[in-house]
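> would you be able to build a 3D model of this:
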Amino acid sequence: MSTQKLPLDALQKIRQYIKSVVVLPESENYPCKLPKAETANSSFVAPEPDSLAGLGDLFRVGATLEEGVPMPNDQGRWFISIIDPGVVFMKLPGLSLQPGFRLVTYLYRLGEEGCGKLWAVPEHLSSTAQLEQALLQTQKVDAPPHPEGALEHWMMAVQGDRSPASFLIASLLRRELNELGFVGKTASWSKHQLISAVPQQLQWQWRNEPIKDLSPKVKVLPDGRAVVEFFTCRLTPSIALFQHLDQYKADQYIAQSIDRPVAVGERRKSAPTAS
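Predicted structure coming up:
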């Protein structure tokens, strides 16, 4: 089957849509160290929320870390984000979240550095109390909370129409949401810009033969498998061109991925002046 190319501007709009819809509040991205809540000695007791939607009101009331409430903090303790990343599927063409699942995000902040972990959890196991149980299991940055019933990878809960565009959109979505909550030095994908041609501002040192066609493309095989290829330019030192290859199985949107640099950028050398 022939390879189908997709326009770069369409992908850029899809990526911008994802980034604009799935946004962490500043209170979660860069939380300050939490002081003792003014309500600590008050007789007022906030009602315990029974879902993620109710967490927002609890945060506004305020509580101390010692009380065990999953509040935003920059002290190296995982907490639950109040956002619902699943809203991204409302207008995402070709993809949807399987009924009965919701996406849940845990965040970790230590100073100005941080990361996140996204899970697809069955709705009947996604109450606040159930999600909080995972917070009791670990506080290590390399061992994120794992809620009961969560799928091995959140993309296992994604379904679609198996169109060529849906696979390329899935590749973008996975990279965007896999880095949800990453700030500081841990952020990587956010430093990549989608491209369809070699930027001419720099001189490029290719690791192998220069790649002539950098346009985003998808090949859907007769058995339902698909292969996605697209390219990015990493905008921070060392500046480099990256090739992204994703191979999809016939019955899911889980991909085996390769992200590799293919060329390194250098400043163009000025022509020598005549003496």
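> okay but Thr105 is in contact with Leu118, surely?
Yes - with contact defined as C-beta atoms under 8 Å, Thr105 reaches Leu118; the gap is 5.3 Å. From N, CA and C alone the C-beta is placed, and that goes for glycine too.
> tell me the contacts of Met90?
Met90 makes contacts with Val21, as judged by C-beta atoms under 8 Å, 6 or more residues apart in numbering.
> got the phi and psi for it?
When read as degrees, to the nearest 10, the backbone of Met90 gives phi -60, psi -40.
> strands of this structure, start to end?
4-5, 79-80, 95-97, 101-110, 113-122, 158-160, 192-195, 203-206, 217-220, 226-234, 240-248, 255-266 (DSSP state E).
> can you put those in JSON lines and add mean neighbour count and mean pLDDT?
Conversion of the strands of the chain to JSON lines gives the following (neighbours: other C-beta atoms under 10 Å; pLDDT from 0 to 100):
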{"stretch": "strand 4-5", "mean neighbour count": "14", "mean pLDDT": "96"}
{"stretch": "strand 79-80", "mean neighbour count": "23", "mean pLDDT": "96"}
{"stretch": "strand 95-97", "mean neighbour count": "19", "mean pLDDT": "98"}
{"stretch": "strand 101-110", "mean neighbour count": "22", "mean pLDDT": "98"}
{"stretch": "strand 113-122", "mean neighbour count": "21", "mean pLDDT": "98"}
{"stretch": "strand 158-160", "mean neighbour count": "19", "mean pLDDT": "98"}
{"stretch": "strand 192-195", "mean neighbour count": "17", "mean pLDDT": "98"}
{"stretch": "strand 203-206", "mean neighbour count": "13", "mean pLDDT": "97"}
{"stretch": "strand 217-220", "mean neighbour count": "19", "mean pLDDT": "97"}
{"stretch": "strand 226-234", "mean neighbour count": "21", "mean pLDDT": "98"}
{"stretch": "strand 240-248", "mean neighbour count": "19", "mean pLDDT": "99"}
{"stretch": "strand 255-266", "mean neighbour count": "15", "mean pLDDT": "97"}
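> nearest residue to the middle of this protein?
Leu177 (2.0 Å; C-alpha atoms, centre = their mean).
> separation between the nearest residue to Leu214 once chain neighbours are set aside and Glu152?
Distances taken as C-beta to C-beta, 6 or more residues apart in numbering put Phe231 closest to Leu214, at 4.3 Å, once the chain neighbours are dropped. Using C-beta to C-beta, to the nearest Å, Phe231 is found at 29 Å from Glu152.
> over to Ser215?
For Ser215, the distance to Glu152 - C-beta to C-beta - is 33 Å.
> where does the protein dip in pLDDT?
Along the chain, segments meeting pLDDT under 70 span 1, 33-70, 269-275.
> ranges for the helices of it?
For the chain, applying DSSP state H gives helices covering 8-21, 26-29, 55-61, 128-135, 164-178.
> what comes up buried for the shortest one?
Applying a neighbour-count criterion of 16 or more other C-beta atoms under 10 Å, one finds 28-29 buried in helix 26-29.
> ok, residues contacting that helix?
Contacts of helix 26-29 (C-beta under 8 Å, 6+ apart): 59, 72, 79, 81-83, 107, 114, 181, 183.
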